[in-house]
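Visitor: curious how this folds, go ahead:
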Amino acid sequence: MSEELPLRAVSGLDELIDYYRAAPVGVRANMIFSADGAAAFAGRVGPLSDPTDQQLLVALRGFADVVLVGAATARAESYGPVKPSATAGRTARIAVVSRSGRLPDSLLADPAQRPILVTSARAVSEHGLDRDKRWELLIAGTDTVDVRAMVIELAQRGMGRVLCEGGPTLLDELVGADLVDEICVTLAPKLAGARLPGGGDGLLSAPTALRLDHVLNHRDYLYLKYSRR
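Guide: As a prediction, the model looks like this:
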C-alpha cells in the first residue's frame, strides 16, 4: 500500500459499503464524532449523524454476529431488535452491557428476538437478573463486567464478529483491555460544544498502533477506517 492515502469521494452507500464488507473476527467498533471531538449532542448520537451515516450503521450490522452496546446508549437511542440485513442476509443478535438490567422497553418488545444482557455475577445476585426471561443472560466477571471474558463467551456462543456501537465508556473499556481489532470512525462536520472523555488507566502500557486503511468523503462527512498493523 502506498504511504499516501488520497481522499476518495464516494457517490453514496452502495459504493461506501464495499470498503467495510470484510469484517474482522473479533471486535469492530463503529463511532461518530463531531469535528470538535464530541461523541454525542444532548446525550444522543442522532444530531451528529446524517442519512448516509445511519444507513452505514445498519449495513455494518449485517456483517456482524452480534451488536454490542452499553445500556446508557441503548436507553438514550431507544434501541430495538436488529432488523434483518439486506447487505449480508443475516440478522445479528444484540448484546447490552448493564449492571442494573435497565433496558429500554423498545428492546424487549419482541419475545422472539431476546437481547443478550451482559452483566456481572454480583449484579445478578443484587438485582435478581436471572429471574427475568425477557433476555438471555451472559455473566462475565464477578464484581464488574469483565469485557475480555465477555468477548470470549460471545465467541463460544458462535458470535465471533462483534460490532461495538458505543458508547464511549464501553469503547474505553474495550480499548483498555486491548480488544479492539478495527475501528470505523465517521467525522461529522459539526461543532457540538463537548469534549470526548479521556482514556482510562486500562491495561495498556502504550497506545495501540493502527494503520489508516482509507479516507472517504461524502457530502463533507469523512469516513475513516483503521486496523492493526
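Visitor: what number of residues lie near G160?
Guide: G160 is flanked by 17 other residues according to other C-beta atoms under 10 Å. All C-beta atoms are positioned from the backbone trio N, CA, C, and that covers glycine.
Visitor: now it: how far from P24?
Guide: G160 sits 9 Å away from P24, going by C-beta to C-beta, to the nearest Å.
Visitor: G166 now?
Guide: Distance from G166 to P24, by C-beta to C-beta: 18 Å.
Visitor: those two: which has the busier surroundings?
Guide: Taking other C-beta under 10 Å, G166 and P24 do not tie; G166 has more neighbours (21 against 15).
Visitor: so the more buried one is in contact with A39, correct?
Guide: Yes. Between G166 and A39 a contact is recorded at 6.8 Å, counting by C-beta atoms under 8 Å.
Visitor: need the overlap of contacts for the two.
Guide: 31, 45 (C-beta atoms under 8 Å, 6 or more residues apart in numbering).
Visitor: which strands and helices sit next to the worst-scoring helix or strand of the chain on mean pLDDT?
Guide: The weakest-scoring helix or strand in the chain, judged by mean pLDDT, DSSP states H and E, is strand 8-9 (a mean of 80). Other helices and strands packing on strand 8-9, by 3 or more C-beta pairs under 8 Å, 6 or more residues apart in numbering; DSSP states H and E, are strand 210-218.
Visitor: partner strands of the strand it packs on, parallel or antiparallel?
Guide: strand 8-9 (parallel), strand 221-228 (antiparallel) (DSSP bridges).
Visitor: can you flag the weakest of the ones you listed by average pLDDT?
Guide: Per-stretch mean pLDDT for those is lowest at strand 8-9 (a mean of 80).
Visitor: how far off centre is the helix or strand following that one?
Guide: Using DSSP states H and E, the helix or strand that follows strand 8-9 in sequence is helix 13-16. Averaging C-alpha positions (C-alpha atoms, centre = their mean, to the nearest Å) puts helix 13-16 20 Å from its chain's average.
Visitor: got the CA coordinates for helix 13-16 in CSV?
Guide: This file holds the C-alpha atoms of helix 13-16, laid out as CSV (Å, rounded to 0.1, in the frame of the first residue of the first chain):
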residue,chain,number,x,y,z
LEU,A,13,-23.9,3.9,0.4
ASP,A,14,-23.6,1.4,-2.4
GLU,A,15,-20.1,2.4,-3.1
LEU,A,16,-19.2,3.2,0.5
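Visitor: what's it in contact with?
Guide: Contacts for helix 13-16 (C-beta under 8 Å, 6+ apart): 10, 52, 55-56, 59, 216, 218, 223.
Visitor: just the buried residues of the residues you listed.
Guide: The neighbour count (16 or more other C-beta atoms under 10 Å) marks 10, 52, 55-56, 59, 216, 218, 223 as buried among the contacts of helix 13-16.
Visitor: next one: stretch 213-229 to chain centre, how far?
Guide: So, by C-alpha atoms, centre = their mean, the centroid of stretch 213-229 is 17 Å from its chain's centroid.
Visitor: show me which residues of it are buried.
Guide: For stretch 213-229, a neighbour-count test (16+ other C-beta under 10 Å) marks 214, 216, 218, 221, 223, 225-226 as buried.
Visitor: show the contacting residues for P111.
Guide: P111 neighbours (C-beta under 8 Å, 6+ apart): R134.
Visitor: redo that, cut-off 10 Å
Guide: P111 is in contact with 133-134, counting by C-beta atoms under 10 Å, 6 or more residues apart in numbering.
Visitor: which residue ranges of the protein form strands?
Guide: 8-9, 26-34, 66-70, 93-97, 116-119, 136-139, 161-164, 180-188, 210-218, 221-228 (DSSP state E).
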